[in-house]
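J.: quick one, what's the 3D model for this:
(2 chains)
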Amino acid sequence: EAQVTQNPRYLITVTGKKLTVTCSQNMNHEYMSWYRQDPGLGLRQIYYSMNVEVTDKGDVPEGYKVSRKEKRNFPLILESPSPNQTSLYFCASSPQSSNQPQHFGDGTRLSIL
Amino acid sequence: QQPVQSPQAVILREGEDAVINCSSSKALYSVHWYRQKHGEAPVFLMILLKGGEQKGHEKISASFNEKKQQSSLYLTASQLSYSGTYFCGTPTGGNTPLVFGKGTRLSVIA
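T.: Have a look, this model is predicted:
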């Protein structure tokens, strides 16, 4: 089954404790993106990747890192999480062209205390 | 850079129609529409690639006016299952990932 898998689905942690949210897709898609969703602000792009070893900042990249060492994986790293990063996070992937549908993972709800 | 959606929220009775608009101050290369149910991931509805294009998905259709830099989503004879938040998304360049609007919350009541 074609899917985008995020882990964990839920995480409560404390300020400053490094964490990684994993994202994996099995559709051989070139594009992958990370979004955060906050009430009233919609989906805001954090980082995106157009291919292996190619990443770029989105609209809200501060406090996040990403890597794309393999085509299928695109982890999101919070080196020193802070409470303002409490949010719902979505990973998405799409084929080579942006004129094709994006497939979203089920989301990761992060709470940083 | 975010496209602007209107209205922010709308409440409908079953069977009523609604229109959701998406506009941008920049050129629109294409427009994507997604629906998100509460607590779930956004789900793809349709893409419009060319000015003047119209598409349909069940009783949901959309149009794309490239000159006016806007797209509209039309929901006719709404059903309870149409409730959710609708997002439009556009690439910022010719072939870049999407930037989404803030969403329109649609509630259909019996």
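J.: all contacts plus neighbour counts: C-alpha atoms, from now on.
T.: OK.
J.: and the residue in chain A that chain B sits nearest to, its phi and psi?
T.: Nearest residue of chain A to chain B: A:G42, at 3.8 Å (CA to the nearest CA). The phi/psi pair for A:G42 (degrees, to the nearest 10) reads phi 70, psi -160.
J.: mean pLDDT per helix and strand in chain B: which one sits at the bottom?
T.: strand B:54-57 (a mean of 69; mean pLDDT, DSSP states H and E).
J.: nearest spatial neighbour of the residue of chain A closest to chain B, chain-adjacent residues omitted?
T.: Spatially, and ignoring its direct neighbours in sequence, A:G42 is nearest to B:K102 (3.8 Å; CA to CA, 6 or more residues apart in numbering or on different chains).
J.: verify the stated contact: the one you found with B:F87.
T.: Yes - in this structure B:K102 lies within contact range of B:F87 using CA atoms under 8 Å: 6.9 Å.
J.: so what sits against both of the two?
T.: B:Q5 (CA atoms under 8 Å, 6 or more residues apart in numbering or on different chains).
J.: who has more neighbours, the two?
T.: B:F87 (29 against 25; other CA atoms under 10 Å in any protein chain shown).
J.: quick one: mean pLDDT for the host helix or strand of that one?
T.: Using DSSP states H and E, B:F87 maps to strand B:84-91. Taken as a whole, strand B:84-91 carries a mean pLDDT of 93.
J.: partners of that strand, with directions?
T.: Sheet pairing of strand B:84-91 (DSSP bridges) gives strand B:31-36 (antiparallel), strand B:98-100 (antiparallel), strand B:104-109 (antiparallel).
J.: beta partners for the residue nearest the centre of chain A?
T.: Closest to where the C-alpha atoms of chain A average out (CA atoms, centre = their mean) is A:W34, at 3.0 Å. In this structure, A:W34 bridges to A:Y47, A:C91 when assessed by DSSP bridges.
J.: OK, contacts around it?
T.: Per CA under 8 Å, 6+ apart, neighbours of A:W34: A:45-48, A:76, A:89-92.
J.: and chain B, which residues reach chain A?
T.: Applying CA under 8 Å from any CA of the partner chain, one finds that chain B approaches chain A through B:30, B:32, B:40-44, B:46-47, B:49, B:91, B:95-103.
J.: what segments of chain A are strands?
T.: A:4-7, A:10-13, A:19-25, A:31-38, A:42-51, A:54-57, A:65-66, A:76-78, A:87-94, A:103-104, A:108-112 (DSSP state E).
J.: now those as TSV including mean pLDDT?
T.: TSV is the format used below for the strands of chain A (pLDDT from 0 to 100):
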stretch	mean pLDDT
strand A:4-7	97
strand A:10-13	96
strand A:19-25	98
strand A:31-38	94
strand A:42-51	92
strand A:54-57	92
strand A:65-66	97
strand A:76-78	98
strand A:87-94	96
strand A:103-104	95
strand A:108-112	97
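J.: low pLDDT regions in chain B?
T.: Within chain B, the stretches with pLDDT under 70 are B:51-55, B:94-95.
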